[in-house]
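Enquirer: please find the sequence and the predicted model below.
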Amino acid sequence: QMQLVESGGELVQAGGSLRLSCATSGQPFSSYAMGWFRQAPGKERKFVAAISWNAYSTYYGDSLKGRFAISRDNFENTVYLQMNNLKPEDTAVYYCAAYYGLGSALRTSPEEYDYWGQGTQVTVSS
């Protein structure tokens with residue numbers, strides 16, 4: 001089992017920035033690709049970004065590249081999501097997730113991920 005704990009979510013004004021963190025334990029972090037998803041009230045969980053085990057590959061959801069950046073620290077067993085120029089439509093619970101994989105192709109469907117955190121709330125006010 002892998003445990004994932006997100007942090008960093010908070011209330012921020014439109015145009016502001018946040019950095020989310022996801023600390024992991026229980027499994028060899030460097031063997032797992034990592035992803036971020038978000039879910040707004042009454043909506044489906046949507047893909048935000050993913051990063052390969054070695055950080056060589058990243059992939060972003062629609063219209064997010066350029067504002068969001070995913071990164072990881074394999075020594076700290078942590079994945080990050082830097083979010084800039086936040087908009088009210090970015091308001092959601094943000095989840096980090098993991099799947100075992102050493103390839104470069106990245107998964108974007110929630111069903112393809114093995115482990116999940118409990119989520120952290122991001123609220124962007126206008």
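Expert: On my side now, so go ahead. Numbers count the residues shown, from 1 in each chain.

Enquirer: OK, contacts around the nearest residue to residue 18 once chain neighbours are set aside?
Expert: Nearest non-adjacent residue to residue 18, counting by Cβ to Cβ, 6 or more residues apart in numbering: residue 83, 5.0 Å away. Every C-beta, even on glycine, is put in place using the N, C-alpha and C of the backbone. Contacts for residue 83 (Cβ atoms under 8 Å, 6 or more residues apart in numbering) come out as 17-20, 67-68, 90, 122.

Enquirer: beta partners for residue 83?
Expert: Counting by DSSP bridges, residue 83 is bridged to residue 18, residue 68.

Enquirer: quick one: it from residue 104, how far?
Expert: 24 Å (Cβ to Cβ, to the nearest Å).

Enquirer: again, but for residue 31
Expert: Separation of residue 31 from residue 104 (Cβ to Cβ): 14 Å.

Enquirer: which residues does the one residue sitting closest to the centre of the chain bridge with?
Expert: A centroid search over the chain (Cα atoms, centre = their mean) returns residue 36, at 2.2 Å, as the residue closest to the centre. Judged by DSSP bridges, the bridge partners of residue 36 are residue 49, residue 96.

Enquirer: hmm, it is touching residue 92, no?
Expert: No. Residue 36 lies out of contact with residue 92 (Cβ atoms under 8 Å); the separation is 10.6 Å.

Enquirer: in the protein, where is pLDDT below threshold?
Expert: The chain contains no residues with pLDDT under 70.

Enquirer: all helices in it, in order from the N-terminus.
Expert: Shown for the chain, no helices are assigned by DSSP state H.

Enquirer: so which residues of it form strands?
Expert: According to DSSP state E, the chain carries its strands in the segments 3-7, 11-13, 18-25, 32-39, 46-51, 58-60, 68-73, 78-83, 92-100, 115-116, 120-125.

Enquirer: show me which positions of the first one end up buried.
Expert: Just to be clear, that refers to strand 3-7. Neighbour counts over strand 3-7 (16 or more other Cβ atoms under 10 Å) mark 4, 6 as buried.
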